[in-house]
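Participant: Quick one, fold the following:
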Amino acid sequence: MSPLTEPQFKDVVGRVASGVVVVAGLAHDGPVGFTCQTFASLSLHPTLASFAAGNTGQSWPRVRDANVVGVSVLNDQQGDVARLFATSGADKFARVAWTSAPGGSPWLDGALAHFEGRIVALTTHGDHDVVVLAVDHAVAGSGQPLVYYRSEYRRLA
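Facilitator: Here you go, the predicted model:
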């Protein structure tokens with residue numbers, strides 16, 4: 001068997017379906033956020049969640065500095081929002097409706113669910129930071145999730 005190549009790894013890992021979230025924080029100059037598909041619950045006692053953020057982007061360092069992070073789980077009608085927040089340099093929050101979570105982080109209106117928490121651990125692995133959040137607030141909405149599979153945003157059948 002030949003050594004694993006980056007294109008081969010991307011092809012195979014792309015077959016893992018995942019939910020899509022926007023991770024956001026309130027920076028000194030306003031809200032900032034990015035699309036993420038590596039969000040997961042981590043622990044019930046204490047209430048912890050995790051996500052991975054690319055450490056070469058512009059948005060993550062600003063969200064990280066906010067320390068309080070909001071996570072909006074996108075619904076199957078929010079593919080355009082996922083694409084917007086995956087774009088570098090755009091004034092993303094000028095184009096979406098959002099509200100402040102109890103701790104001040106941004107939550108996107110219409111999302112399927114929301115979480116808010118404090119960063120309690122961060123480790124760097126390759127080109128990503130793995131982040132652990134102590135979740136202080138969680139709110140469920142209704143609808144169906146937006147799913148990312150094989151480099152496309154999709155709906156559940």
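
Participant: quick one: the strands in the chain?
Facilitator: Along the chain, the stretches classed as strands by DSSP state E are 18-19, 21-27, 30-36, 40-43, 48-54, 68-73, 98-100, 106-108, 113-125, 128-140, 146-149, 152-155.

Participant: Save those strands as TSV, and put in distance to residue 91 too.
Facilitator: Placement of C-beta: from N, CA and C, glycine included. Converted to TSV, the strands of the chain look like this (distance: least, CB to CB, whole Å):
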stretch	distance to residue 91
strand 18-19	25
strand 21-27	13
strand 30-36	9
strand 40-43	29
strand 48-54	20
strand 68-73	17
strand 98-100	13
strand 106-108	13
strand 113-125	22
strand 128-140	24
strand 146-149	22
strand 152-155	21
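
Participant: and of the ones you listed, who's closest to residue 8?
Facilitator: Comparing these by their distance to residue 8 (CB to CB), the top pick is strand 146-149, with 17.7 Å.

Participant: From the contact counts, what lies against that closest one?
Facilitator: For strand 146-149, the elements it packs on are strand 18-19, helix 79-85, strand 152-155, judged by 3 or more CB pairs under 8 Å, 6 or more residues apart in numbering; DSSP states H and E.
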